[in-house]
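**Q** Predicted structure and sequence below. I'll ask about it afterward.
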Amino acid sequence: MRHVARSQMRLSQSHVASANKTVLDRAIALWRQVCGESVLHTQERDRLQSSTTMSKDDLMAQSLPRLQLSSKDMKAILELSVSLLETNLTQQKELRLTRDGFPDSRVWREMQRKEGVRVFKEFQSPNSMPSGNSATCMRAGIAHPEQSGMPSLLMLGTVAGSLNDVMYASIPTSTDSMRARSKFVQDGVVNSKVLCCVESPSADDPFHTLNVTWRYYSLSEPRDYTCIEATGLLPNDYGELVGFHLVHSLEFAQLPVFRNYGVERANMSVCTFFRQKTSTLVECYTRGYFDFHSSNDMLNNISLHTISTQWLSMARYVECAQMKKLVWWMRVRTGRDSFASSSQSSSSTSSGGIAGIRQHARPRVQAGTRCRVCNRGFGGFLRTTPRACACCAEWVCKRCCVKKQMCVVSSHNKSKVNDKKLVFCAQCIAEGSKSDAALILREELLGHRSSYSSTRRTTMETMETLDD
């Protein structure tokens, strides 16, 4: 009898729960009818609620429209970039250095150093403090910010590597490449976006770009910048190729400001030159001017100190180039057999492409399998555990593999950069390091332009499924 009573009680409780749910559903339906809320409105509400979970910088980046510039505006931007480069080249030539290669200590004070790179701050006399015309100088695009009395920083030094590698890390070919670079080198850019492409790289000049970009920095006071950004190679007076990376603030009426987020739109003009000093060293020169739109000297000095720290991230540019090379080889090798299946299906979860990648990236250990590099066997007493190389998918032992940090924008969430350490064999790392960055960039831009977009998803799937 007790069992029967308990079962009847459970049934009554379930009936009450289902009845309550029915009543609740009916009440919600009636409320929607009274308020005139349609299914579309409900979906829009859910979308807005989900958007509130996005970070502030993601919301700002999402609200920035694609810039539509006329041919006249593009010509003016091109002329401005040329004028700025000429001015910065002249300024570099006129910089007086000591025998040790350092600037005059009476004019420049060293702020920080890292490895072979040093950052200096220019002393300012009372009559050269920033005036109200400094911001106008930046907004108007005048190519002489050095005459405005704005705070100036200088960076000198060398980084190990080649000129092509440094340029490969510098070039902002897309929003994804900008975000991945910032995540890897930790240059202080919280979020960024390419708003307009004025001039694109070509097979003859793969490092040449001219874009309008947006950057957001979380300094002592959050600031963002809308800039023209140019990269490329040009010959100097001695016939040597010199790489350049120019970032100069410019205002556009179509772009919103984000004061409601507590972010101030600031101005800067920064130009960097790279030169192959020796076969293994690249000489770096950077000069930058900053207008923070703030009269708080203490906060401005803190911001300048933070920027000088961020500039030291240039020491990782060559590592960033090596990372981008490995990402490219992962795309080519692990996606080679899936190009056809990926192109036949537009779905991001194509069973042919993705499954093929996963199977290729995780081979099974067969009997008698040996390390690809040292040819040692696996298994047995005191023998090493095999690991699969993320690039070639061959088995390697612990001694012959290296973990490398990889940064790639997520295929599911464009605002997220996946940062993960993957295992690579020594042979793939050596092959990637020896690869010519210019040739890889040409392949990215021309040879595999369609394959690049179709296999970026498969590369991310590989990164997400491979274990450390």
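**A** Perfect, thanks for sending it.

**Q** any weak-confidence spans in the chain?
**A** Applying pLDDT under 70 to the chain picks out residues 1-53, 124-149, 294, 334-368, 379-384, 414, 447-468.

**Q** need the longest strand for it.
**A** Under DSSP state E, the strand in the chain containing the largest number of residues is strand 223-235.

**Q** and after the host helix or strand of Ala61, which helix or strand comes next?
**A** Element membership for Ala61 (DSSP states H and E) is helix 56-63. Of the helices and strands lying after helix 56-63 in sequence (DSSP H and E), the nearest is helix 71-94.

**Q** Show me what that following helix is packed up against.
**A** strand 189-199, strand 209-217, strand 223-235, strand 241-249, strand 267-276, strand 281-291 (3 or more C-beta pairs under 8 Å, 6 or more residues apart in numbering; DSSP states H and E). Glycine gets a C-beta too; all of them are placed from N, C-alpha and C.

**Q** Only C-alpha atoms, please: export the first one in CSV.
**A** This means strand 189-199. Only the C-alpha atoms of strand 189-199 are listed here, as CSV (Å, rounded to 0.1, in the frame of the first residue of the first chain):
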residue,chain,number,x,y,z
VAL,A,189,46.6,46.5,-29.2
VAL,A,190,43.4,45.1,-27.6
ASN,A,191,41.4,45.1,-30.8
SER,A,192,41.9,46.2,-34.4
LYS,A,193,40.2,46.3,-37.7
VAL,A,194,40.9,47.0,-41.4
LEU,A,195,38.3,49.6,-42.4
CYS,A,196,39.4,50.2,-46.0
CYS,A,197,42.0,48.9,-48.4
VAL,A,198,43.5,51.7,-50.5
GLU,A,199,46.3,49.7,-52.2
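
**Q** quick revisit: residues in contact with the helix holding Ala61?
**A** Contacts of helix 56-63 with the rest of the structure, by C-beta atoms under 8 Å, 6 or more residues apart in numbering, involve 51, 54, 190-193, 214, 216, 218, 224, 256, 258, 261, 263, 415.

**Q** Buried ones among the residues you listed?
**A** Buried members of these, counted by 16 or more other C-beta atoms under 10 Å: Val190, Asn191, Ser192, Lys193, Trp214, Tyr216, Ser218, Asp224, Phe258, Val263, Ser415.

**Q** who touches the second one in this structure?
**A** Under the criterion of C-beta under 8 Å, 6+ apart, the contact list for Asn191 reads Asp57, Asp58, Met60, Ala61, Arg179, Arg215, Tyr216, Ser415.

**Q** ok, now with 7 Å
**A** Asp57, Asp58, Ala61, Tyr216 (C-beta atoms under 7 Å, 6 or more residues apart in numbering).

**Q** For it, which non-adjacent residue is spatially closest?
**A** Closest residue to Asn191 apart from its sequence neighbours, by C-beta to C-beta, 6 or more residues apart in numbering: Asp57 at 3.8 Å.

**Q** quick one: the one you found and Val190, what's the gap?
**A** Using C-beta to C-beta, to the nearest Å, Asp57 is found at 5 Å from Val190.
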